[in-house]
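K.L.:
Quick check, what structure comes out for this input:
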Amino acid sequence: MIGDLRLIASELVTNAILYSGCTEQDELELRLEQADGHFRLSVVDPGRTANSARVAVDEQRASGGMGLFVVEQLASRWGADRSDRYRVWAEVPLAH
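P.N.:
Purely as a prediction, here's the structure:
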């Protein structure tokens, strides 16, 4: 389970760096919470672009683009929400 959480964190942080429009001056927030029988890992970025997290289609995965596909395979649930910033989250059961 720890390995899964590390991989999910790596993928979500990488996506935030690549696709959020953030600069070196911006901060990303990585949060890990335990509640209701699962861990919830989330990454918050400045959300400067209109990009939304989505699993790559087969053609995109052939040239990289595996990040959210991997997250989808490891997490019991994942999603994203936007307010003044953008947050992508994933949940992994404690008894994973």
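K.L.:
contacts and neighbour counts: CA atoms only from here.
P.N.:
Noted.
K.L.:
What strand or helix carries the closest residue to Leu74 other than its chain neighbours?
P.N.:
Excluding its sequence neighbours, the residue lying closest to Leu74 (Cα to Cα, 6 or more residues apart in numbering) is Asp4, at 6.5 Å. Per DSSP states H and E: Asp4 is located in helix 2-19.
K.L.:
Any idea what Trp78 is bridged to?
P.N.:
Listed beta-bridge partners, Trp78: Ala90 (assigned using DSSP bridges).
K.L.:
what's around it, how many residues?
P.N.:
18 (other Cα atoms under 10 Å).
K.L.:
separation between it and Val71?
P.N.:
8 Å (Cα to Cα, to the nearest Å).
K.L.:
anything in contact with each of those two?
P.N.:
Ala90 (Cα atoms under 8 Å, 6 or more residues apart in numbering).
K.L.:
Report the next helix or strand after the helix or strand of the chain with the lowest mean pLDDT in sequence order.
P.N.:
The least trusted helix or strand in the chain, going by mean pLDDT, DSSP states H and E, turns out to be helix 58-62, with a mean of 49. For helix 58-62, the following helix or strand on the C-terminal side (DSSP H and E) is helix 67-74.
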